[in-house]
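**Q** Model the following, please.
(chains A and B)
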Amino acid sequence: MKGIVYRGLEELVIENHGMAAWEALLDKHAPKNRVYISAQSYPDEELFAMANEVASILNKPLVDVLRVFGEYLFGYLIKKHSRILEQFDGFQSLILGIDSVIHAEVAKLYNEPNLPQISCEQIDDKHILLNYCSVRKLCFCAEGLIYGAGAHYGMKTQIDHQQCMHDGYEQCRMLLTYEGQ
Amino acid sequence: MTKQAEDYYRAYLREKQARDELEHLLEEKTRALYESNQALEEKILQLQNQQAVLMQAEKMATLGTLSAGVAHEINNPLAYAMSNLESLNYVKPVLGGLLSVSKDFIAKEISNDDFITELKRLNQQQSFGFLITDMDELLDDAQDGLRRIGAIVKNLLSFARPKNNLLAMADISKSLESGLKLLNNQLKNTHLICHVQPIPLSYCNLATLNQVIVNLLLNAKQACDGREQKAEIVVKLFSERSFIYLSVEDNGCGMSEETIKRIFDPFFTTKPVGQGTGMGMSIVYSIIQEHQGRVLIDSTVGAGSKVVCELPILEETDE
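**A** This is a model prediction of the structure:
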């Protein structure tokens, strides 16, 4: 997993629970003196362990923690890469351009070999069917990112996670419903 | 927050900002590098396409050089095939008569005596003995001539075909064989010595290696043109350890140090304007490179040249 994701988590934890909480997570789940750098890759296990720990501390299901993190991560990413958003004219074009625009940019900057495969099909003006497939199975984080994007564009977004890799499917299928608030 | 914690937090924010700025810088540089790389890859693709076009053009120019010799090669078998067919045409009336009288005899439309009389007449017209002994020969020779023409045309087509990427486990001696056949006429006044040893199969493109052999042999032959002593070209094909060696050695005019230095430069030629494209050795170099090999040159002005292609024996998985 690329460091930029860890950096998003670092900022979320420090903002909401302080530096001590982040230090405690690092002490417990990362090698000594770990410093996350966006372009560098780190073992996925560190992220999963920290997310589990946060869920345990907050006494919330892991999927909820991942959704919240995904939503926060969207804001963090656009703060760092605001220029990418210039290529989209709204929520719909952003979702439809995840693979062709966003992942192309990620490949350019971070050379990430394990990008999730995302394909979208626009059903009508208010619905997109999104297929998600990733060895990391971070579909709930993806949900959070989509909610984050919706919030950014002032859209009321709802996701019907119709089938999920966690239930043994080859890919997740999510029906996105959205409309301007 | 205590003063100490506050200081600690401010230090963290500064460190975070430093990380952000450095990452931003790194990303800008990475983006620029990526874009330059993309542009370079496009250029490489363009160059590869241009090289393919040049290779084909050079091949066509070589075909021009070969055309007179090839025409002669085709002309000989064509002449005797035609002559034999003409001879067969000459005996056609007798054969026709034989068939006709036989048909009438079987249908009992003519008597035994008439049949024998007619056979005798036909035998006088064209001796049956001659037909029995010569017809086979006439037909076999004509067939042989046409087969030779077929082989020459096949070699020409195989040489002229645009470079394809048909890499396969193959015997490089097939390329040598085909190249030598193609140049048969060009080399008829040359003392050609071939030492071809059995070599292992290698993952290669026989079509392009054929072009290498034709280019090397033509160069060797042209280096000998106009020399006093009889032209001698020694071709060797053998394998040693994990390499296959193809060498072409001539006793021609040889090359100066300056020529050797520039021999692989595209469009470099020592031939008069209009007689060489200057692409021959450049193409040899690129084809041998594509086979992960190298070209070694040894030459002395006035004594001759030796060009050795060293090709590693490749397996399909080595690609």
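
**Q** does any part of whatever helix or strand B:I44 lives in sit near chain A?
**A** Using DSSP states H and E, B:I44 sits in helix B:3-106. Yes: counting by C-beta under 8 Å from any C-beta of the partner chain, chain A is contacted by helix B:3-106 at B:8-9, B:12, B:16, B:19-20, B:23-24, B:26-27, B:30-31, B:34. Any C-beta I mention is one placed from the backbone N, CA and C, and that applies to glycine too.

**Q** Now neighbour count and distance to B:L216 too, for these, in CSV please.
**A** Below are these laid out as CSV (neighbours: other C-beta atoms under 10 Å in any protein chain shown; distance: C-beta to C-beta, whole Å):
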residue, neighbour count, distance to B:L216
B:Y8, 14, 76
B:Y9, 14, 75
B:Y12, 15, 70
B:K16, 14, 66
B:R19, 17, 60
B:D20, 14, 61
B:E23, 20, 56
B:H24, 13, 56
B:L26, 14, 51
B:E27, 19, 51
B:T30, 16, 46
B:R31, 14, 47
B:Y34, 15, 42
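
**Q** burial measure for B:L218, as a count.
**A** 21 (other C-beta atoms under 10 Å in any protein chain shown).

**Q** B:Q292 versus that one, what's the distance?
**A** Per C-beta to C-beta, to the nearest Å, B:L218 is found 25 Å from B:Q292.

**Q** Can you tell me the closest non-neighbouring residue to A:M165?
**A** Nearest non-adjacent residue to A:M165, counting by C-beta to C-beta, 6 or more residues apart in numbering or on different chains: A:K137, 4.8 Å away.

**Q** Quick check: the gap between the one you found and chain B.
**A** Distance of A:K137 to chain B, computed by C-beta to the nearest C-beta, to the nearest Å: 27 Å.

**Q** ok, now A:T177?
**A** From A:T177 to chain B the distance is 34 Å (C-beta to the nearest C-beta).

**Q** for chain A, what helix or strand is lowest in average pLDDT?
**A** Here the helix or strand of chain A ranked lowest by mean pLDDT, DSSP states H and E is helix A:103-110, holding a mean of 85.

**Q** tell me the angle that one makes with helix B:3-106.
**A** If you take axes from the mean of the first three to the mean of the last three C-alpha atoms, to 10 degrees, helix A:103-110 sits at 120 degrees to helix B:3-106.

**Q** which parts of chain A sit against chain B?
**A** Residues of chain A lying near chain B (C-beta under 8 Å from any C-beta): A:7, A:11, A:14, A:19, A:35, A:37-39, A:80, A:108-109.

**Q** try 7 Å
**A** Residues of chain A lying close to chain B by C-beta under 7 Å from any C-beta of the partner chain are A:19, A:37-39, A:108-109.

**Q** ok so, going back, list of residues touching the least confident helix or strand of chain A?
**A** Helix A:103-110 is contacted from outside by A:2, A:39, A:84, A:112, A:115, B:27, B:30-31, B:34, using C-beta atoms under 7 Å, 6 or more residues apart in numbering or on different chains.

**Q** how about 8 Å then?
**A** By C-beta atoms under 8 Å, 6 or more residues apart in numbering or on different chains, the surrounding residues in contact with helix A:103-110 are A:2, A:4, A:38-39, A:81, A:84, A:112, A:115, A:118, B:27, B:30-31, B:34.

**Q** do stretch A:77-96 as well
**A** Contacts for stretch A:77-96 (C-beta under 8 Å, 6+ apart): A:4, A:8, A:38, A:97, A:101-102, A:105, A:120, A:122, A:128, A:130, A:146, A:149-150, A:152-153, A:155, A:157, A:176, A:178, B:20, B:23-24.

**Q** Any stretches of the stretch 51-200 of chain B with poor pLDDT?
**A** B:162-165 (pLDDT under 70).

**Q** what residue of chain A is the furthest out?
**A** The outermost residue of chain A, judged against the average C-alpha position, is A:K32 (26.0 Å), by C-alpha atoms, centre = their mean.

**Q** Would you confirm that B:E315 contacts B:L201?
**A** No: the criterion here is C-beta atoms under 8 Å, and B:E315 misses it with B:L201 at 9.2 Å.

**Q** out of these two, which sits in the more crowded spot?
**A** It is B:L201, of B:E315 and B:L201, that has more neighbours when counted by other C-beta under 10 Å, with 14 against 10.

**Q** Sweet, I'm off.
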